[in-house]
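# I'll drop the sequence and a predicted model, then ask my questions.
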Amino acid sequence: MKKNIGNITAAMAVFMAVAGFGMGSRAGSFEVRAEKQEAKADDKKSTDSDAKEEETTKEQESTQEAVTEEEGTKAERRLPEGFSVSGLDDSVKTMTALNEALEKLQNKLDEKKFILSVNGEQIESSFSDLGASIENKEYILSEAGKYTSGNMIERFAKSAGLIENPESITPDIEFNEEALNSFFNRANSKNPNAPVNATIKRVNGAFEITPEHDGYAIDKESTVDKLKEAILKTGEETIEAQVTKQEATVKAEDLKDIKDVLGTFTTNYSSSTSERATNIAVGTQKMDGVLLMPGETISGYERMQPFTIKNGYKMAKAYQNGLVVDSVGGGACQIATTLYQAALRAEVKITERKNHSMIVGYVQPSGDAAIAGDYKDIKVTNNRSTPIYVEAVTSGRNVTFTIWGKEDRSANRTIEFVSEVINETPKGKTYKDDPSKPVGYVRKESDGHKGRTSKLWKVVKENGVEVSRELVSSDTYRMADDIYIRGTRVDAPAPTAAPVENTEGGGETANDAPADNGPADNSVDVSQGPGFDPNINAGQ
């Protein structure tokens, strides 16, 4: 009994010291009271020993409760000895310090660089490019919280076992799978011995298939393990990637059935400026020839960006916050819309699509798709069991998208898309006063657009009889006024000319400049990104 009391006393003393309470008078009091209880138990040695042990426990609790509120809160509760997190400084002793240390570790992951060596080729990158993150951060904080929550007795009970069985947690580093695959693809592209997938290209109206060949590529699993080991070390690491013999993932046999038109659509841009026409030609070329294996996605923005002069684009009209503005790459949205319409008819998955802020004129209401930065995009995913091929061409100021694949739909089944306009709001007129122009001067700065709410329906027929009608989208387009510039300057009256003797005729007065009522530039649409002309005819 004496030995047990002594061990508890010592353990409790250690716990109180670690917890920040020290070994002051009250800790001493606890030890004295414990010794008194021991003495009483030894003297009596009677059948009421159990009752005395209960009394001892009560006195211990009473002593602990005697620790004042001031002592209990003078410092944040400390993490007990025996609990640690690998890779963190030993000075991390509180929950606040632990949380800050984990934040610093994440910053370290974001900043740390590495070199991957693949068959002698050096590929430099950073862990932030791989989307590195501490996957078990919340678990670490939760485990630490077990030892700092509750009253002193509860914390002591939970911490006592750490003396003999310490708990150490290793941060679990995870990578973004998409970013990781992209990096390995880039690394393998510099590996001359890597396997090469079969490719397909439509040339002069026919498909040409280049066969695959196997090779040696990065072993993903072992290389990921090496990356995780290197990320917690200090300094830049050079990682030797292990390569293994691998088969090509795309084989010629997979592509031979790409021969059927699953969906096609054409829009016309004959009324566009030469700059906008150039943008459509440039962007369409970047969208052409995309092979999508099952589950893969094409993004219009990712394929066409960056929208810069250097990338081949020109300035053209675009919508921005309900106004018509000049934008590099104006016209890209017509490309997105044409792809969207072809994908609808191919019945592949539309992963992302957003309508324009204002109406367009080259497709029916609710039939458009906008591109604006990285927050409005057209994304199409191959949800079929066989590959599909995206063909995009321009000809005679028409842009056409055709989605090829293996047709497996019934020949007696047809689909069509029906637009329904719910309501429209007429546009008005807004005048902007210009004090530099005289009264009477009026010039149209931009064309407005009527507001509209509309829906698009997918109608399926079998043998010419409608069997289903499905809502594709409900869209709202804002109204924008025609905007006019008008002069407000009031000129002083011309002075009266003095009479001139012995002349025929009189003096002349100057006329005000005539109002400029010429046509405004055609408005275009991009929803705060590349745009196009909504007044041109639809090419369907």
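All right, it came through fine.

# So what pairs up with S84 in the strands?
Beta-bridge partners for S84, by DSSP bridges, are S168.

# Where does E178 sit, in terms of helix or strand?
Under the assignment given by DSSP states H and E, the secondary-structure element containing E178 is helix 177-189.

# which residues touch the closest residue to K190 other than its chain neighbours?
When the adjacent residues along the chain are set aside, K190 lies closest to E121, with 4.6 Å between them (C-beta to C-beta, 6 or more residues apart in numbering). (Each C-beta comes from the backbone N, C-alpha and C, glycine too.) Residues near E121 by C-beta atoms under 8 Å, 6 or more residues apart in numbering: A187, K190, N191.

# Output the residues you listed as a markdown table; include the columns distance to E247 and neighbour count.
Written out in a markdown table, the entries for the contacts of E121 read as follows (distance: C-beta to C-beta, whole Å; neighbours: other C-beta atoms under 10 Å):
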| residue | distance to E247 | neighbour count |
| --- | --- | --- |
| A187 | 18 | 20 |
| K190 | 20 | 14 |
| N191 | 15 | 19 |
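
# quick check, nearest of those residues to E143?
Checking the contacts of E121 against E143 with C-beta to C-beta, the nearest one is A187 at 36.2 Å.

# Q122 is in contact with that closest one, correct?
No: counting by C-beta atoms under 8 Å, A187 stays clear of Q122, with 10.1 Å between them.

# Overlap of the contact sets of these two?
With contacts defined as C-beta under 8 Å, 6+ apart, the residues adjacent to both A187 and Q122 are L116.

# hey, what's the residue nearest to K190 bridged with?
Counting by DSSP bridges, E121 is bridged to V118.

# Okay, R353 and P294: tell me how far apart.
In this view, R353 and P294 are 21 Å apart by C-beta to C-beta, to the nearest Å.

# which one of those two has more residues nearby?
Neighbours were counted for R353 and for P294 using other C-beta atoms under 10 Å; R353 has more, 22 against 13.

# Just the pLDDT at the nearest residue to that one once chain neighbours are set aside, thanks.
Nearest residue to R353, sequence neighbours excluded (C-beta to C-beta, 6+ apart): A369, at 4.9 Å. The predicted local confidence for A369 comes out at a pLDDT of 96.

# In space, what's closest to N165 - neighbours in sequence excluded?
On the basis of C-beta to C-beta, 6+ apart, the spatially nearest residue to N165 that is not a chain neighbour turns out to be G82, at 7.6 Å.

# Surely the one you found is in contact with P166?
Yes: taking C-beta under 8 Å as the contact criterion, G82 and P166 are neighbours in contact, 4.0 Å apart.

# These two: who's more crowded?
Taking G82 and P166 together and counting by other C-beta under 10 Å, G82 has the greater number of neighbours (17 against 12).

# Run through the residues that contact the more buried one.
S159, L162, I163, N165, P166, E167.

# repeat for A248
Contacts for A248 (C-beta under 8 Å, 6+ apart) come out as P195, V196, N197, A198, E212, H213, D214, G215.

# if we go to 10 Å?
Shown in contact with A248 (C-beta atoms under 10 Å, 6 or more residues apart in numbering): A194, P195, V196, N197, A198, P211, E212, H213, D214, G215, A217, D254.

# Number of residues surrounding the nearest residue to it once chain neighbours are set aside?
Leaving aside its chain neighbours, A248 sits nearest to E212 (3.6 Å; criterion: C-beta to C-beta, 6+ apart). Here the count is done by other C-beta under 10 Å, and E212 has 20 residues near it.

# where does E212 land on pLDDT?
95.

# contacting residues for it?
Listed by C-beta under 10 Å, 6+ apart, the contact partners of E212 are 195-199, 247-255.

# residue ranges with poor pLDDT in the stretch 351-500 of the chain?
Counting by pLDDT under 70, the ranges of the stretch 351-500 of the chain that qualify are 494-500.

# cutoff 80 now
The stretch 351-500 of the chain contains residues with pLDDT under 80 at 373-374, 492-500.
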